[in-house]
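Undergrad: Here is my input, please return the structure:
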Amino acid sequence: MTWIKTISYKEATGRLKQMYDRLKGPGGQIDNILVAHSLRPHTLDGHLALYKTVLHHSANRLDRWLLEAIGTYVSMLNHCNYCVNHHYHGMKNLLADEARAKEIRQAFEEDNLAEAFTENQVILFEYAKKLTLQAATVGAEDIECLRGGGYDDGEILEVNQVTAYFNYANRVILGLGVTLDGEMLGHSPGKSDSEK
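TA: Residues are numbered from 1 along each chain as shown. Have a look, this model is predicted:
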């Protein structure tokens, strides 16, 4: 599941056990990316807080399927099979349209975004790609391009945060050897806003 030691649900105690109980999905599954944090549960807290606010918070204005699509695309650019599979399924579940989901995945694989997205949506993905592969070259003109596409600064921030989050998550996964072994794809946490 990972290249480092992890603590299973059966071995967990205290705060980690409480977190696992809250995070269990159907059939008691806990995603491997979450278990990868088990030696330092405070990092799991931070990861979950970022994940939930960036992708699943009710105050976000961009469609959740689109945010999941951006995450899938960033993960594909980073060659992170774990996140590509998880978030492609999450996007597909939100779209409730298998043919549309396949069209999107094919556009990503062929690097032909115009085949699956509007011109205004394509600029979101172009920004995400540049931020992922050439972050130091992003400039004010890229933000102006997004504004020109009809996005306000809050929506631009959402795309920035999703892109940044997936670059972080991809590196956690790739850097620790997290695998898809035993995973149920497309599962997401039950609560979308702060649980405090």
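Undergrad: ok, now how distant is the spatially most central residue of the chain from residue 93?
TA: Centrality entry for the chain: nearest residue to the mean C-alpha point is residue 71, 4.5 Å, by CA atoms, centre = their mean. Residue 71 sits 14 Å away from residue 93, taking CB to CB, to the nearest Å as the criterion. Any C-beta I mention is one placed from the backbone N, CA and C, and that applies to glycine too.
Undergrad: again, but for residue 8
TA: When CB to CB is the yardstick, residue 8 and residue 93 sit 27 Å from each other.
Undergrad: Who has more neighbours out of those two?
TA: In this view residue 8 and residue 93 are compared by other CB atoms under 10 Å, and residue 93 has more residues nearby, 16 against 11.
Undergrad: Low-confidence ranges, this structure, go.
TA: Residues of the chain meeting the criterion pLDDT under 70: 185-196.
Undergrad: Kindly format the C-alpha coordinates of the longest helix along it as PDB.
TA: For the chain, the longest helix by residue count, based on DSSP state H, is helix 153-176. Extracted in PDB, the C-alpha atoms of helix 153-176 (Å, rounded to 0.1, in the frame of the first residue of the first chain):
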ATOM      1  CA  ASP A 153     -11.200  36.400  -8.800                       C
ATOM      2  CA  GLY A 154     -12.900  34.000  -6.300                       C
ATOM      3  CA  GLU A 155     -13.400  31.400  -9.100                       C
ATOM      4  CA  ILE A 156      -9.800  31.900 -10.200                       C
ATOM      5  CA  LEU A 157      -8.800  31.200  -6.600                       C
ATOM      6  CA  GLU A 158     -10.800  28.000  -6.600                       C
ATOM      7  CA  VAL A 159      -9.000  26.800  -9.700                       C
ATOM      8  CA  ASN A 160      -5.600  27.800  -8.200                       C
ATOM      9  CA  GLN A 161      -6.400  26.000  -4.900                       C
ATOM     10  CA  VAL A 162      -7.600  22.800  -6.700                       C
ATOM     11  CA  THR A 163      -4.500  22.800  -8.800                       C
ATOM     12  CA  ALA A 164      -2.200  23.400  -5.900                       C
ATOM     13  CA  TYR A 165      -3.900  20.800  -3.800                       C
ATOM     14  CA  PHE A 166      -3.600  18.100  -6.400                       C
ATOM     15  CA  ASN A 167       0.100  18.900  -6.900                       C
ATOM     16  CA  TYR A 168       0.500  18.400  -3.200                       C
ATOM     17  CA  ALA A 169      -1.600  15.200  -3.100                       C
ATOM     18  CA  ASN A 170       0.100  13.700  -6.100                       C
ATOM     19  CA  ARG A 171       3.500  14.200  -4.500                       C
ATOM     20  CA  VAL A 172       2.400  12.600  -1.300                       C
ATOM     21  CA  ILE A 173       1.200   9.600  -3.300                       C
ATOM     22  CA  LEU A 174       4.200   9.400  -5.700                       C
ATOM     23  CA  GLY A 175       6.700  10.100  -2.900                       C
ATOM     24  CA  LEU A 176       5.400   7.400  -0.600                       C
END
